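Participant: following is a predicted model, sequence given first.
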Amino acid sequence: MTIALTPNQQDLAEAVAGFTARHAPIAATRAAFGELAAGQPQPSWHALVRQGFHALHLPESAGGDGAGLVELAVVLEQAAFGLFPGPLLPTVLAGQLIAGHAPAGLAARLLPRLVAGATAASAVTAAGLRAVRSVDGWRVSGEGAPVLGGPSAQILILGAQADGRTVWFATDAGARASIEVISAEPVDLTRDVARLILHDLAVPDEQVLDVDQDRVRDLAAALFAAEAAGVARWCQRAGLEYAKVREQFGQAIGSFQAIKHKCARLFARSQLITAAAWDAAVAHGQDPGQFALAAAAAASALPAATDLGLETVTLLGGIGYTWEHDVHLYWRRAVSLQTLLGPAAAWPRRLAELSRATERRHDLRLDDEPDGLRDWVTETLAEAAAMAPDKQRRFLAERGLAAPHYPRPYGIEASPAAQVVILQEFERAGLAQPSTTVGEWALPTILAHGTEEQREAFVGPTLRGDLVWCQLFSEPGAGSDLASLRTRAEKADGGWRLDGQKVWTSQAAEADWAICLARTDPGAPKHQGISYFLVDMHSPGVEVRPLREANGGYLFNEVFLTGVFVPDDRLVGSPGDGWRLARTTLGNERVNIATGMGRRPVRPVDYLPALDDQASREALAQMMTECGAVTADLLAFTAMSQRLLLRQIAGLQQGPEASVLKVAAAWNATRLQQAVLSWQGPDAATIDGTNGAASQRYLSLPPTLIGGGTMEIQLNVIAERVLGLPR
C-alpha cells in the first residue's frame, strides 16, 4: 500500500511511477553519479518540469496546481520508489516554505521561477550561521550544516541564529561573492550535497520568511518521511521477490519460517512508515499543533527506513552487499534522509513534549452523511443520558443504537459512514456505545447463518444486556491450530451430546450462553466435520474451573463438557458447517473493532514519573526519548487504523492494514509496558501502590500477545496470505 488513498491520489501515484520508470531508469542514474554529485541538471529533471510534478503544490496564481501536502507526499513517495535522482526533494521543500511563509512580493518573484524549473534547496537547521541586524535587514556569516541540493540550487532558503530569534531567509545562490558552495561527496549517490559558507551576506527585510525553526524542521520531516516510505516499500518488495525465487536446500528460501517472519516484519514496518508519512501530510491541513505532533512522529520513519534497508541487504545475502545490486542505493538514500534531518534522538524527545499538551485528532469529513441521521442520534442520546444504566442500555438497543450496523429490527443497517456519525455523537454526548464483548463474535454468525427463531431468541436479549456470552473454541491441544479440536458431539434424540474440554475461555463463569465448536464427524478431514453450537452454560454437565494467571487474576477459565445436551434448534447452520461459520466476517462489521474509534488514545507521557533532582533530570531525558519513540509507534498505528476506516467509509476493498494492525498492536503493547515498567524503578518491585500498577500491567501482557493467534501465527498469516510466500 502506498500513501495514495483516494482514487485521484492513486491515479497520481501511477502517473508518477510510470514517469519515473520511463525517464529515470536506474541504469541511467548509475551512469550519472558524478554529474549528480556535482549538481549538474539531468534530462530527467527537465522532463519532470515539463510534466509539472515539481510544482503540484505551488499556488495556481504562480502557475502551480494548488494541491495539498498529501498529493506532494504521493509524488515524493513514488519518485523515491523509482530512485528519481536530482533536486526534486530540496526544491519542493524550499517551494513549500516560500509559498507558505514568504512575503507576498518575494513569493510573487520566486514562485514563477520555481514553476519554470529553477532548482532550490533549504537548510533544515540554522546551526552554524549567525545573523546581525543592519539598517535595512541582516548580515549573515558562518558555515552551516550540509544542505541537500546545495550545489545545484538557484534559490536557497537558509536560517541563521540572531539574538533571541532565528532568521529564515531566501537568497539567490548566484551571490557568489558572499556564498561559498563547497560540494561534498554524498552518501546518497543520486543527489548533491554541499556545505555553505556565508561571508557577510546582506539579507534585506523583504527576503525574510515569517517562519520559525520548528516549522521548517516539521515540514522537512513530513516530506523526508514521504520519501522514506517509498524507499522502505522498494526495499520490502525487493526482499520479498528475492525470497520467492532464491533457492537453498532445494526450495525457495521464502518457505523457511525464519525468512517468512522476516519478510512479514519488513512488510509491517513499511506499512507503518507509510501510515506515519501519510498522517503528517494530512495534519499539514490542520492547525499547527496537530502538524507539529504528526511531523515529529513521522520523523521516526527515517531511522526505521534505514534499518529496513539494512535488513533487506542481509535478507538478500552477499549479493545484496555488492555495488552492482540496487539495494545499497536505496539504503544510502535512507541514511542520507535520516542524517540530514538532524540527531535522531531529538525527535522522540520533541514528540514526547508535544504529546503532553496535544492529542492527535483526525478530522473526518463525511461527504455522504445520511440526511437527518445526526440530529436523530443527538436527540436519542440526549434522552438516554438521563436514564439509569440498565434502562439506558435497553433504550439504546430498542432504537438500534447498541449495534447500528446490524439489520433491522436489531440495528438500523448503518453504513460505515453512518456508523462514524453515530460514534461521533456518542463521544459528543459523553456516552459509551454498548458492547456485548464476546457477543460481538456470536451475534454476527447467528444473524448470517442462524434461523429466525435463533435470531429472535438471542440477538435482541444480548443487545439489551440480558444475555452474556463466552466462546468455547480453544482446547489444550487446539489453540492456534483450532481445526485439531477434539471436543465431540454425538447425535442423540432431539439434539446432540457434547464431551470435551475447552480452555482460555473468558467470562465463562459469568456467561449465560456460549458459541462452541465440536466435531460431529470424526472421520472427516480436520477442517471438515466440525459443527457450530449454541450451548446453555447452565446446562447439566458444564463445569467451569477458573485459571489463576501469572498476574494473580482469573480472566480465563477451563470448561469441561460432560454429556452436555444441546437441542437440535441450537445447532447453527448444518452439521459440518462449523469451520466456515467460525471464519465468517460480515461486510457490515462494526468499524471501531479495527480502528479503535471511540476510545481515548493511550498517552505514554502520562506514565512518566515526576523527577526533580539533577541526576533524575538526566534520567528523565532518557525516559523522554523512549517515551517519544513509543508514542511514534502508537501514532503510526492510529494513522493506519484511520486509513482502514477511510477505506471502509469509501466502500473500498480492504487493504492489508487489518493484518498488520494485529501485529503492530502486539508490538506496541509490549514496548509500552516494558518502557513504563523500566521508568518506575524500585517501586515497581511491589504490586501494591501507584507504581505497582506498572508491574501488574506488564504481567498482564500475555493475553494480548496470545489471544486471536500468537505473533508467530500472525506473521505467518501476513507472509502466506498477504505476501504470497509458499506454505
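Facilitator: Right, received. Where do you want to start?
Participant: which residues of the stretch 251-400 of the chain fall in helices?
Facilitator: 257-283, 288-298, 301-316, 327-340, 346-357, 373-385, 389-398 (DSSP state H, counting those that start in this stretch).
Participant: relative to residue 669, which of the ones you listed is closest?
Facilitator: Evaluated over the helices of the stretch 251-400 of the chain, closeness to residue 669 peaks at helix 257-283, with 14.5 Å, by C-beta to C-beta. Every residue, glycine included, has its C-beta placed from N, CA and C.
Participant: make a markdown table out of the helices of the stretch 251-400 of the chain and add mean neighbour count, mean pLDDT and distance to residue 149.
Facilitator: Output for the helices of the stretch 251-400 of the chain, formatted as a markdown table (neighbours: other C-beta atoms under 10 Å; pLDDT from 0 to 100; distance: least, C-beta to C-beta, whole Å):
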| stretch | mean neighbour count | mean pLDDT | distance to residue 149 |
| --- | --- | --- | --- |
| helix 257-283 | 25 | 96 | 20 |
| helix 288-298 | 25 | 97 | 20 |
| helix 301-316 | 23 | 96 | 17 |
| helix 327-340 | 23 | 97 | 10 |
| helix 346-357 | 20 | 94 | 22 |
| helix 373-385 | 16 | 95 | 49 |
| helix 389-398 | 16 | 94 | 58 |
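Participant: for residue 9, see how far away residue 721 is.
Facilitator: Computed as C-beta to C-beta, to the nearest Å, the residue 721 to residue 9 distance reads 26 Å.
Participant: between the two, which one's more packed in?
Facilitator: Neighbours were counted for residue 721 and for residue 9 using other C-beta atoms under 10 Å; residue 9 has more, 18 against 12.
Participant: now do the residue lying closest to the more buried one once chain neighbours are set aside against residue 68, distance only.
Facilitator: Nearest residue to residue 9, sequence neighbours excluded (C-beta to C-beta, 6 or more residues apart in numbering): residue 74, at 5.3 Å. Per C-beta to C-beta, residue 74 is found 10 Å from residue 68.
Participant: picking up where we left off before, mind listing what the residue nearest to residue 9 touches?
Facilitator: By C-beta atoms under 8 Å, 6 or more residues apart in numbering, the residues touching residue 74 are 2, 3, 4, 9, 12, 13, 16, 226.
Participant: any idea how far residue 112 lies from residue 171?
Facilitator: 17 Å.
Participant: just want to know which of the two has more residues nearby.
Facilitator: residue 171 (19 against 16).
Participant: my guess is the more buried one contacts residue 201. True?
Facilitator: Yes - contact between residue 171 and residue 201 holds when scored by C-beta atoms under 8 Å: they sit 6.7 Å apart.
Participant: between the two, which contacts overlap?
Facilitator: With C-beta under 8 Å, 6+ apart, residue 171 and residue 201 have common neighbours residue 179.
Participant: need the three-state assignment for residue 156.
Facilitator: The assignment at residue 156 comes out as strand when based on DSSP: H, G, I helix; E, B strand; the rest coil.
Participant: what residues are up against residue 604?
Facilitator: Residue 604 neighbours (C-beta under 8 Å, 6+ apart): 352, 355, 627, 630, 631, 634, 672, 675, 676.
Participant: actually, residue 19.
Facilitator: 47, 48, 51, 53.
Participant: just those residues now: which is nearest residue 605?
Facilitator: Of the contacts of residue 19, the one sitting nearest to residue 605 (C-beta to C-beta) turns out to be residue 53, at 39.0 Å.
Participant: torsion angles phi and psi at that closest one?
Facilitator: In terms of degrees, to the nearest 10, the main-chain angles of residue 53 are phi -60, psi -30.
Participant: what separates the spatially closest residue to it that is not a sequence neighbour from residue 229, distance-wise?
Facilitator: Nearest in space to residue 53, with sequence neighbours left out and distances taken as C-beta to C-beta, 6+ apart, is residue 75 at 5.2 Å. Remark: distance between residue 75 and residue 229 (C-beta to C-beta) = 12 Å.
Participant: re the thing from before, out of the contacts of residue 604, which comes closest to residue 500?
Facilitator: Once C-beta to C-beta is applied, the member of the contacts of residue 604 that ends up nearest residue 500 is residue 672, at 37.2 Å.
Participant: where's that closest one, which helix or strand?
Facilitator: helix 657-680 (DSSP states H and E).
Participant: that helix - contacts with which helices or strands?
Facilitator: helix 257-283, helix 591-595, helix 614-650, helix 692-699, helix 702-706, helix 711-717 (3 or more C-beta pairs under 8 Å, 6 or more residues apart in numbering; DSSP states H and E).
Participant: out of those, which comes closest to residue 158?
Facilitator: helix 257-283 (23.4 Å).
Participant: same for that closest one, what does it pack against?
Facilitator: helix 69-81, helix 213-245, helix 288-298, helix 301-316, helix 614-650, helix 657-680, helix 711-717.
Participant: where does the protein have low pLDDT?
Facilitator: Along the chain, segments meeting pLDDT under 70 span 176, 584-600, 612-615, 652-655, 689-692, 708.
Participant: show me how it divides into domains.
Facilitator: 7-211, 460-582, 623-722 (automatic domain parsing).
Participant: those domains into a markdown table, with extra columns for distance to residue 307?
Facilitator: Converted to a markdown table, the domains of the chain look like this (distance: least, C-beta to C-beta, whole Å):
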| stretch | distance to residue 307 |
| --- | --- |
| domain 7-211 | 16 |
| domain 460-582 | 29 |
| domain 623-722 | 13 |
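Participant: one step back: now, among the contacts of residue 74, which is nearest to residue 25?
Facilitator: residue 16 (14.7 Å).
Participant: just give the closest residue to that closest one, not the sequence neighbours.
Facilitator: Leaving aside its chain neighbours, residue 16 sits nearest to residue 78 (3.9 Å; criterion: C-beta to C-beta, 6+ apart).
Participant: so what's the residue count around that neighbour?
Facilitator: 28.
Participant: which residues touch it?
Facilitator: 2, 13, 16, 17, 20, 230.
Participant: can you pull out the helices in the stretch 51-200 of the chain?
Facilitator: 69-81, 88-101, 104-116.
Participant: what's the second one packed up against?
Facilitator: Translated: helix 88-101. helix 69-81, helix 104-116, strand 120-122, strand 147-148, strand 155-162, strand 165-172, strand 208-209, helix 213-245.
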